[in-house]
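In: coordinates for the following, if possible.
(one chain, ligands or ions: 2)
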Amino acid sequence: MNKPVILTGLRANGELHLGNYLGGMLPMVQLQAKYAGEYQVNMFVPDLHSFTTPIDHGKLYLQIVQNLKLFVAAGLDISNDDTYIYRQSYVPMHSELTWILDCFTYFGELSRMTEFKDKASRLGHESISVGLYNYPALMAADILLYAAKYVPVGDDQRQHIELTRDIALRMNNKFNKDLFVVPAEWTEQVAFAERDAGVRIKSLRNPTKKMSKSIDDPAGTILLTDAPEAAVKKIMGAETDSLGVIHYDIEAQPGISNLLQILALLINEPLSRVADTWDGKTAYSDLKKAVANEVKVFLHDFQTKLAAVNEADLLRKLEASEFLMRDVAGQRLYKIQQAVGLRP
Ligand code: ATP
Ligand code: MG
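Out: Ligands and ions are numbered 1, 2, ... in the order given. Predicted coordinates:
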């Protein structure tokens with residue numbers, strides 16, 4: 001248990017999509033394979049994050065179990081002894097640490113989080129929960145409880161990783177320089193995951209906005225459970241531009257750039273190389289066909305693996321991991337309680 005930790009989570013507030021896979025799950029499974037034996041891998045379902053925005057609570061539990069199966073379908077090797085899967089709410093120390101961190105996190109900091117501002121702008125004032133406002137502190141607790149150095153997440157989470165670093169550094173300065181392991185800076189995180197830049201997959205219908213679980217945008221979103229042929233149609237119908245020449249430029253050609261990004265990640269090549277290959281070509285439909293084909297192959301393979309997940313093995317691993325994580329998290333929480341003066 002003394003290995004450095006790589007950690008990520010995907011909340012269970014709706015069906016997972018290609019952006020979740022490419023931004024959060026794929027780097028995690030690639031890192032697990034690359035660093036087997038060297039790093040501890042924590043991949044969890046942050047179930048307490050699931051209802052910061054309104055959901056159907058009757059479906060939540062099934063979605064939590066579904067997310068765990070998706071991890072395995074994505075390639076997470078749960079037979080690996082350094083890998084742990086768990087549900088956040090089964091490790092109650094997350095909630096207590098959140099409260100402690102809350103008292104060292106400033107109102108102004110949380111108010112500046114663009115995720116909060118984006119989501120709040122979509123809700124009526126009376127429906128913006130305090131949980132939505134506060135969720136970056138819970139996310140900081142999720143990371144700091146396990147001393148995770150690397151946290152593979154999509155680019156939309158960058159600000160929250162930076163906030164986690166700020167809180168950890170602030171508390172280390174105040175109490176004890178070894179209290180928290182400070183997660184790596186964003187550029188180091190991106191380099192560790194071997195990416196050219198942070199990953200933010202856009203809606204196929206509205207390529208200036210990210211693909212999201214909580215936005216109803218069926219034509220713009222490829223769900224991991226979409227029939228491959230339906231996904232092909234969505235890619236072929238993706239919004240592009242009228243410039244007529246392929247060039248990777250997020251500002252001027254967001255739709256084309258999004259397709260190049262999806263292609264690069266699915267064929268596991270650097271974005272720069274894929275962008276160079278297609279640069280200057282004029283047939284947008286060729287690019288769409290190439291992406292559609294990769295998406296189709298990916299979904300077929302993913303869904304075959306999903307159908308084959310052994311639920312009994314999964315639940316055994318889950319319960320064993322949760323038992324261990326309560327111990328690890330409990331020990332770290334005790335040190336933090338001591339540092340702030342709650343324990344002798
Ligand atoms: P919501 O809209 O409810 O916030 P979400 O699609 O953003 O849902 P999360 O559960 O918030 O999903 O995020 C899970 C992981 O997926 C995180 O690592 C996040 O950065 C990543 N992620 C989410 N959307 C994208 C995207 N469009 N591109 C790349 N990564 C993404
Ligand atoms: Mg999100």
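In: could you pull out the helices in the chain for me?
Out: Using DSSP state H, the helices of the chain run over 18-20, 26-34, 57-73, 93-102, 107-111, 114-122, 130-144, 158-174, 186-192, 228-236, 254-266, 271-278, 284-307, 311-339.
In: need the residues of the stretch 201-344 of the chain near ligand 1, please.
Out: By Cβ under 6 Å from any ligand atom, the part of the stretch 201-344 of the chain that sits against ligand 1 consists of 201, 210-214. Every C-beta, even on glycine, is put in place using the N, C-alpha and C of the backbone.
In: just the buried members of the residues you listed?
Out: Listed as buried from those are 201, 210-213; burial here means 16 or more other Cβ atoms under 10 Å.
In: residue of the stretch 51-200 of the chain nearest ligand 1, please.
Out: Nearest residue of the stretch 51-200 of the chain to ligand 1: residue 154, at 2.3 Å (Cβ to the nearest ligand atom).
In: domain boundaries for the protein, per the record?
Out: Here the domain parsing of the chain from automatic domain parsing is 5-194+311-339, 218-306.
In: chain center to the first one, what's the gap?
Out: In other words, domain 5-194+311-339. Chain-centre distance of domain 5-194+311-339: 8 Å, with Cα atoms, centre = their mean, to the nearest Å.
In: try the shortest one
Out: Here domain 218-306 is found 20 Å from its chain centre; the criterion is Cα atoms, centre = their mean.
In: with stretch 308-321 instead?
Out: 21 Å.
In: kindly export stretch 267-279 (C-alpha atoms) in CSV.
Out: In CSV, the C-alpha atoms belonging to stretch 267-279 read as follows (Å, rounded to 0.1, in the frame of the first residue of the first chain):
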residue,chain,number,x,y,z
ILE,A,267,-6.4,5.0,-32.7
ASN,A,268,-4.0,5.8,-29.9
GLU,A,269,-1.9,8.2,-31.9
PRO,A,270,-0.7,11.7,-30.9
LEU,A,271,-3.2,14.4,-31.8
SER,A,272,-0.5,16.3,-33.6
ARG,A,273,0.3,13.4,-35.9
VAL,A,274,-3.4,12.8,-36.8
ALA,A,275,-3.9,16.5,-37.3
ASP,A,276,-0.9,16.6,-39.7
THR,A,277,-2.2,13.6,-41.6
TRP,A,278,-5.5,15.3,-42.3
ASP,A,279,-4.3,18.9,-42.6
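In: buried set for that stretch?
Out: The neighbour-count check on stretch 267-279 (16+ other Cβ under 10 Å) flags 271, 274-275, 278 as buried.
In: any chance of the residues you listed in CSV, with pLDDT too?
Out: Below are the buried residues of stretch 267-279 laid out as CSV (pLDDT from 0 to 100):
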residue, pLDDT
271, 96
274, 98
275, 98
278, 98
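In: just name the closest of those to residue 93, please.
Out: Nearest to residue 93, judged by Cβ to Cβ, of those is residue 271 at 38.3 Å.
In: wait, doesn't the closest one sit right on residue 260?
Out: Yes: in this structure, residue 271 is within contact of residue 260 by Cβ atoms under 8 Å, at 6.8 Å.
In: which residues do these two both contact?
Out: The overlap between the contact sets of residue 271 and residue 260 (Cβ atoms under 8 Å, 6 or more residues apart in numbering) consists of residue 248.
In: residues in contact with residue 214?
Out: 13-14, 53, 119.
In: next up, phi/psi of it, please.
Out: phi -90, psi 10 (degrees, to the nearest 10).
In: how close does it get to residue 52?
Out: Distance, residue 214 to residue 52, using Cβ to Cβ, to the nearest Å: 9 Å.
In: tally of neighbours for residue 97?
Out: 22 (other Cβ atoms under 10 Å).
In: check residue 293 too.
Out: As a burial measure, residue 293 scores 15 neighbours (other Cβ under 10 Å).
In: and it, what's its pLDDT?
Out: pLDDT, residue 293: 98.
In: who are the packing partners of the lowest-mean-pLDDT helix or strand in the chain?
Out: The weakest-scoring helix or strand in the chain, judged by mean pLDDT, DSSP states H and E, is helix 114-122 (a mean of 94). Counting contacts by 3 or more Cβ pairs under 8 Å, 6 or more residues apart in numbering; DSSP states H and E, helix 114-122 is packed against helix 130-144, helix 158-174.
In: now check the first one, is it near ligand 1?
Out: No: for helix 130-144, no contact with ligand 1 is found by Cβ under 6 Å from any ligand atom; the gap never falls below 9.3 Å.
In: buried sites along that helix?
Out: Neighbour counts over helix 130-144 (16+ other Cβ under 10 Å) mark 132-144 as buried.
In: before we move on, what about stretch 173-185?
Out: Neighbour count says stretch 173-185 has 175, 179-184 buried, by 16+ other Cβ under 10 Å.
In: repeat that for stretch 22-34.
Out: Neighbour-count burial for stretch 22-34, counted by 16+ other Cβ under 10 Å, picks out 22-29, 31-32.
In: out of the residues you listed, which touch ligand 1?
Out: 22-24.
In: of those residues, closest to residue 205?
Out: Ranked by distance to residue 205 (Cβ to Cβ), these are led by residue 22 at 17.6 Å.
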